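> Model the following, please.
(chains A and B)
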2 protein chains.
Amino acid sequence: MTATAPIGIFDSGVGGLTVLRAIRARLPALPLVYLGDTARVPYGSRSPETVRRYAVEGGRFLLERQVQMVVVACNTVSAVALDALCDALPVPVIGVVEPGAEAAVAATRSGRIGIIGTETTIASRAYEEAIRNRLPTARTLARPCPLLVPLAEQGWTDNDVARAALAHYLEDLRREEIDTLVLGCTHYPLFKPLLADLLGPGVRLVDSAEATATVVATRLGAPTGEPVEPTFYLTDLPHTFSEVAARFLGGPVRHVFQVRY
Amino acid sequence: MTATAPIGIFDSGVGGLTVLRAIRARLPALPLVYLGDTARVPYGSRSPETVRRYAVEGGRFLLERQVQMVVVACNTVSAVALDALCDALPVPVIGVVEPGAEAAVAATRSGRIGIIGTETTIASRAYEEAIRNRLPTARTLARPCPLLVPLAEQGWTDNDVARAALAHYLEDLRREEIDTLVLGCTHYPLFKPLLADLLGPGVRLVDSAEATATVVATRLGAPTGEPVEPTFYLTDLPHTFSEVAARFLGGPVRHVFQVRY
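All right, here's what the predicted structure looks like:
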């Protein structure tokens, strides 16, 4: 029996653990190598040029780990650096924007789709283009929500501060009567209960992590065998790391290595 | 007449512009070279080891610009990397923690001093030690406030979200009846009106930027001559840069160069 080559999951930090978790739930026997650039997170407020440089550096690190595919968990990287990664790496590269857009188009009935994400993701208009390519009549409204990442990392996903911040961010989206909202950042699924409460049952929440895991499973097929533990590489290990990471992974993070590249 | 050598001001991002502004108000003819590591900001959630590495890299860049002194505007760097910078650089290095602690001790009457800052600054206990060295009977209470930097960068310094966040962060400090609060992060002076409102007139707010500018002016004396424009080096220029920087500097930022080191 030949050992299955691992797939690499690249993220700017710990938010991509939600993507790892979704992939692992579908493909437990597939070896996963996670790289989070915690020494330079967040990417969502940086220029596209800088995000591209960081992404290619991370992709090359994963390639040295013999990965057969790179999944880009970070929405910002997927939005502005996927081409650069595809050019730089000789393995398939899958981002979260196309699967997320596909899921949004499948979910909407009215064609009115909201998108929330980081400043750089929203400025790129990547989700809007991916949605319009599939559904030219779609009416999209995108809104950057820079405070949601720090709120999620602090664990404030359902308190009065989170509620007040989301009320500001969702104001336009509610007025536009969207029926679907793309959660265009790995951190945002943590706000699902609050978002559902604020937007009501008429708005479907599209989580790119789930949609991306489905694409990966379809592309690779499920390897058979015993479940394997992922390996985690991080460029920094701040003292709050374990606590924050557990919030995203839904359990303790083991096999963690700090790296420089 | 010999030209005055510039002083370097190092910061993790744009918050240090408050320190530059305070120095410039006192010493308008002193050439200032500002370096903001906007490609890797924020430092306040990173490990002390990573902050030290970034700080030394930044310090060396400034040294190549022939600076006669480095002022560390960033509280996190001042708290955990000042020794590393002093070891690495052959010019005087001044941080914001000692001047801030000095100002807090001068301001307090009851000896009950609160400190707010980033996670890494608070975990270092640098302000607490600097205060106790000067006033051994001081009773200090320190609180990390990770959401305040993103709030300030978004321009939400006096709305309902900022108010709700500060209410959480200040809860213990109010109960302890502090009479002085150290604003231990370059971003926090932007919350002064809200802090004054929430804490009342009995609590004095200590701004390390002002205290540090006084120390620099005392050490250097004021060079005579025409006012000179500062030079700004940034490691990234995201599209929101000008707007965010203007909020901290109180006016437009000119002579900006993007650099890599």
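
> Break down the stretch 51-200 of chain A into its strands, ranges please.
Taking DSSP state E, counting those that start in this stretch as the criterion, the stretch 51-200 of chain A contains strands spanning A:70-72, A:93-94, A:112-117, A:139-144, A:180-184.

> Which residue ranges make up each domain of chain A?
Per automatic domain parsing, the structural domains of chain A span A:7-95+A:211-258, A:97-208.

> could you dump these to TSV with distance to chain B?
(Glycine included, C-beta is placed from N, CA and C.) Output for the domains of chain A, formatted as TSV (distance: least, C-beta to the nearest C-beta, whole Å):
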stretch	distance to chain B
domain A:7-95+A:211-258	5
domain A:97-208	4
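
> could the ones you listed go into TSV alongside mean pLDDT?
Shown next, in TSV, are the domains of chain A (pLDDT from 0 to 100):
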stretch	mean pLDDT
domain A:7-95+A:211-258	95
domain A:97-208	97
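
> export these to JSON lines and tack on mean neighbour count?
Compiled in JSON lines, the domains of chain A are given as follows (neighbours: other C-beta atoms under 10 Å in any protein chain shown):
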{"stretch": "domain A:7-95+A:211-258", "mean neighbour count": "20"}
{"stretch": "domain A:97-208", "mean neighbour count": "20"}
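
> In JSON lines: these, plus distance to B:V19.
Below are the domains of chain A laid out as JSON lines (distance: least, C-beta to C-beta, whole Å):
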{"stretch": "domain A:7-95+A:211-258", "distance to B:V19": "21"}
{"stretch": "domain A:97-208", "distance to B:V19": "23"}
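
> Out of those, flag the one nearest B:D11.
The closest of these to B:D11 is domain A:7-95+A:211-258. By C-beta to C-beta, the value is 15.6 Å.

> Would you pull up how far the closest one lies from the middle of the chain?
Put simply, domain A:7-95+A:211-258 sits 9 Å off its chain's centre (C-alpha atoms, centre = their mean, to the nearest Å).

> Compare the strands of the stretch 51-200 of chain A and give me the one nearest A:T157.
Per C-beta to C-beta, nearest to A:T157 of those: strand A:180-184, 12.3 Å.

> quick one: contacts for A:R125?
A:A142 (C-beta atoms under 8 Å, 6 or more residues apart in numbering or on different chains).

> hang on, the earlier thing: CSV please, covering the strands of the stretch 51-200 of chain A and showing distance to B:R260.
Output for the strands of the stretch 51-200 of chain A, formatted as CSV (distance: least, C-beta to C-beta, whole Å):
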stretch, distance to B:R260
strand A:70-72, 23
strand A:93-94, 25
strand A:112-117, 27
strand A:139-144, 26
strand A:180-184, 29
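
> Of the ones you listed, which is nearest B:S124?
strand A:139-144 (32.2 Å).

> Report all helices and strands that the closest one contacts.
strand A:112-117, helix A:119-124, helix A:126-134, helix A:160-175 (3 or more C-beta pairs under 8 Å, 6 or more residues apart in numbering or on different chains; DSSP states H and E).

> Could you dump these into TSV and include distance to A:T140?
Conversion of the helices and strands packed on strand A:139-144 to TSV gives the following (distance: least, C-beta to C-beta, whole Å):
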stretch	distance to A:T140
strand A:112-117	5
helix A:119-124	11
helix A:126-134	5
helix A:160-175	11
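
> just to revisit the earlier point, and A:P230, which of the strands of the stretch 51-200 of chain A is closest to it?
strand A:70-72 (12.1 Å).

> Partner strands of that closest one, with direction?
Strand A:70-72 has the following strand partners under DSSP bridges: strand A:7-11 (parallel), strand A:93-94 (parallel).

> for those strands, which one sits closest to A:G155?
Closest among these, using C-beta to C-beta: strand A:7-11, at 18.9 Å.

> Compute the inter-axis angle for the following helix or strand past that closest one and strand A:180-184.
Sequence-wise, the next helix or strand downstream of strand A:7-11 (DSSP states H and E) is helix A:17-26. Orientation of helix A:17-26 against strand A:180-184 (axes from the mean of the first three to the mean of the last three C-alpha atoms, to 10 degrees) gives an angle of 110 degrees.

> Next, the angle strand A:7-11 makes with the helix or strand following helix A:17-26.
Scanning forward in sequence from helix A:17-26 by DSSP H and E, the next helix or strand is strand A:32-36. Per the same axes, to 10 degrees, the angle that strand A:32-36 makes with strand A:7-11 is 20 degrees.

> Can you list the strands that strand A:32-36 pairs with?
Paired strands of strand A:32-36, with direction, are strand A:7-11 (parallel), strand A:231-234 (parallel) (DSSP bridges).

> Report the contact partners of A:V77.
Here A:V77 is in contact with A:F10, A:D11, A:S12, A:Y43, A:V51, A:Y54, A:A55, A:L85, A:G95 (C-beta under 8 Å, 6+ apart).

> Let's have those in CSV, adding distance to A:G225.
Output for those, formatted as CSV (distance: C-beta to C-beta, whole Å):
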residue, distance to A:G225
A:F10, 24
A:D11, 26
A:S12, 31
A:Y43, 34
A:V51, 36
A:Y54, 34
A:A55, 31
A:L85, 29
A:G95, 28
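
> which of those residues sit farthest apart?
A:Y54 and A:G95 (14.9 Å).

> rewinding a little: reformat the strands paired with strand A:32-36 as JSON lines; add distance to B:V253.
Shown next, in JSON lines, are those (distance: least, C-beta to C-beta, whole Å):
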{"stretch": "strand A:7-11", "distance to B:V253": "31"}
{"stretch": "strand A:231-234", "distance to B:V253": "33"}
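
> Looking at those, which is nearest to A:L205?
Of all these, it is strand A:7-11 that lies closest to A:L205, at 20.6 Å by C-beta to C-beta.

> Output the closest one as CSV, restricted to C-alpha atoms.
Extracted C-alpha coordinates of strand A:7-11, given in CSV (Å, rounded to 0.1, in the frame of the first residue of the first chain):
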residue,chain,number,x,y,z
ILE,A,7,-2.5,18.0,1.5
GLY,A,8,-1.4,21.4,2.7
ILE,A,9,-3.8,23.9,4.2
PHE,A,10,-2.5,27.5,4.2
ASP,A,11,-3.9,30.3,6.3
